[in-house]
Structures are given as structure tokens and as C-alpha cells.
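Asks: would you be able to build a 3D model of this:
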Amino acid sequence: MTLGLLAPADEPIFDPALEHAVRIFQQQRGLSVDGEVGDETWRALDSARWTLGARTLDFSVNNPLHGDDVRHLQERLLEMGYDVGRTDGVYGPRTARAVAAFQREVGLYPDGGCGPQTLHALRRLGRKVVGGSPLRLREEHHFRTSGPSLVGRLIVIDPGHGGQDPGIVVPDGPLRWTESDIAFDLASRLEGRLAAAGMRVHLTRGPLGAEAPSDLDRASLANDLQADLLISIHVDGHRNPAADGVAAYHYGTENGVTSTMGEQLAGLVLREIVARTGMRNCQTHAKTWELLRYTRMPAVRVDIGYLTSPVDRARLIDPIFRERVVEGIIAAVQRMYYPSEMDVKTGMIDVSQIRLALSQ
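Replies: Model (predicted):
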């Protein structure tokens, strides 16, 4: 009710009106719209109760503050030209350093905390950066100066679900197809091909019966490894068997803040897969899923077909089709590092030549 999404109720029950309010909230926040209050939705609800100025913000190593107030502070600092990294709503060391830098400039004690004096100074000052996004400029500069070679770069491949969580499950006669198995097969194929191209590759989980880490754990792993890219592989499902196609997702908020290079990678992955497989293009979308939100490198999730679609299922169980998908992802990764004058048209990169260039 405090978010203005639900009228007062006589009894505290999870009725259709409450489910509808949850769905609206999930849609507004870029979450999966299922009407259920799972762990990720609950954390988003908890963050939404904070507005900037409602509490003093400071940095804690062991228990960093989370909330919409932190995200609004990050967005404010970002538009003023301070480097807070991704606006993830977490008061981490990068945000504390940006606050301290601002405090020094305005003559306040640079303790890295955001109390009443710092808030007052923020509110009375206008934007410093105009004519572009500072985050976008930093991200693009990093990629453009790192060179086109894939050799030595670290990529984290995340096969979705796993362990006791099979994801989408579809019985097919005596067989049983699961999202977790297909995602791991695609991830394993991609791991081998990218390693052959000279990249260092790390998977977030093992095969079949291995325990499935949470999205927070997967993001933490990628951050701890200081990965250059993260690609999460899923397949989709829908009650309508006619639903088919491939979609890609990157980090972005309802305020238009986005991971520029994540958005670029999502677009490249999507177009390369469509060009090589002929799948329906279901477009790219901005989401605030924790896997995309908390990773500090460009990260995308790609949903490769609908396991519930007879058309897509026939493709997904075909090893040749899976190889085409993998080739599309490799081509997209290579194009991420090409300068604009070296880039080629979608579907035109011969990934075997990437390995050939490495061996010469």
C-alpha cells in the first residue's frame, strides 16, 4: 500500500488484487512478472521502501546498505560526473569514494557517508556532465583501448538453473527435456570454442546433479574473478505452445539508466543467433535481475528458444543447431572488441578464422 499499488484491504490475504499489485511492481522494476513474492521480488520490495534522505547512508564492509535511496544517490552522483560504476543500489566502496570526492569539492569532511549536510549540498548543485553519459563514455573507452584480440580475456558462462532446479521441464514421449540440461550443454560447447579462441573461460556451475548457485552467488563469482564479460544461457517456456523465438536481456532501470556495453552485447548476441539459426527475433530488453544488476562487467542473459514450442524444441535437441547458436555467441563476443572501422556485418564472421588467427 505504501507504494500506491494496492487499495486498503479488510483482511491481510494474498488475493487476486494483491497478486495484480505484485505483478505491476515486478513490471515497473524490470523483474520477472510472475505475481509471486520470491527472494528477488522481496529484496526489491525491501529496497523500494527507502527514499533519499530517509536515513543516513554510509559504507559498511560486512553489511553494505541496499535500497532505492542508494540508487538515487548513485544516479545523482553519476550525472554530476562522479564514477560510481553501475547504479546497483548498493552502498559499496566505489560509491563511498565518489561521495568522498564530492565532499572534498564542496568543502565537507570526506568521510564517504551521506548525511544531512551532504544531501543539502547535492540538492543545491546542478549537473556537471552534459551532452552524454559519463558511464557510457567510460565503458566505451575501456573497450576501444583494449584491442580486438580475445586472447587472455576472461569470460564467465552461466548455464541457468541446475541441481534441484531444472527450470522449464517438458516431457516428450519416453524422454524428458529440461532447461538446465540444455543450458549446460550449450555452455559446455561455448566453453570449448572460446577456450580454443584463446579466452579464459569459467562456468558458474557443473553438470546435472551439481548444486545450483543463486543469482547473487553467480554475480559474486564473476566479480571475484574480475571477468571481462558474463553470458547467462537459458531457454524459455510458455503456456501457449505457439510462443517461440530468442530474446536477450541487459541491465537497465525504469529511469533509463543502462549498462551501455551490456546493451550492446545483448544486441550483438541476439542478431548473430537470429542470422545463423533463423529463429524469431524477440528483441532485447532491459531488466534489473540481480545477475545483471550486481555484475560489474557487461553481462547479458539470452533465452534461446521456447522448450514448450514444438518448433523450438526440435531445434534445441539438434546438436547442429546448438553449434550454430554457439557460433553466433562467439561472433558477438569478437565483435564487442572490434573498433567501429573493423566491424563486419551480422552473420559474416567465420568463427573458425578466429581460431586460425590464434594459431598463426
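Asks: mind listing what the residue nearest to the spatial centre of the chain touches?
Replies: Note on the chain: the residue nearest the mean C-alpha position is Leu292, at 2.1 Å, using Cα atoms, centre = their mean. Leu292 sits next to Tyr249, His250, Tyr251, Ser259, Gly262, Ala299, Val300, Arg301 when contact means Cβ atoms under 8 Å, 6 or more residues apart in numbering. Using the backbone N, CA and C atoms, a C-beta is placed for each residue, glycine as well.
Asks: ok, it to Leu265 distance?
Replies: 11 Å (Cβ to Cβ, to the nearest Å).
Asks: what sits in contact with each of the two?
Replies: His250, Ala299, Val300.
Asks: the residue lying closest to the last one once chain neighbours are set aside - how many residues pack around it?
Replies: To tie it back to what came earlier, the one meant is Val300. Sequence neighbours aside, Ala266 is the residue nearest to Val300 in space, at 4.4 Å (criterion: Cβ to Cβ, 6 or more residues apart in numbering). If you count neighbours by other Cβ atoms under 10 Å, Ala266 ends up with 29.
Asks: show me where pLDDT drops low in the stretch 51-200 of the chain?
Replies: Applying pLDDT under 70 to the stretch 51-200 of the chain flags residues 126-137.
Asks: all helices for it, in order.
Replies: 68-79, 93-105, 116-124, 134-144, 179-196 (DSSP state H, counting those that start in this stretch).
Asks: how far off centre is the longest one?
Replies: Looking back up the chat, that one is helix 179-196. 19 Å (Cα atoms, centre = their mean, to the nearest Å).
Asks: again with the second one
Replies: Shown here is helix 93-105, whose average C-alpha point lies 26 Å from the average C-alpha point of the whole chain (Cα atoms, centre = their mean).
Asks: buried ones in that helix?
Replies: For helix 93-105, a neighbour-count test (16 or more other Cβ atoms under 10 Å) marks Arg94, Thr95, Ala96, Arg97, Ala98, Val99, Ala100, Phe102, Gln103 as buried.
Asks: ok, so of these, who is nearest Ala212?
Replies: Top of the list for closeness to Ala212, among the buried residues of helix 93-105 and by Cβ to Cβ, is Arg94 at 29.0 Å.
Asks: which SS class is Ala248?
Replies: What DSSP: H, G, I helix; E, B strand; the rest coil gives for Ala248 is strand.
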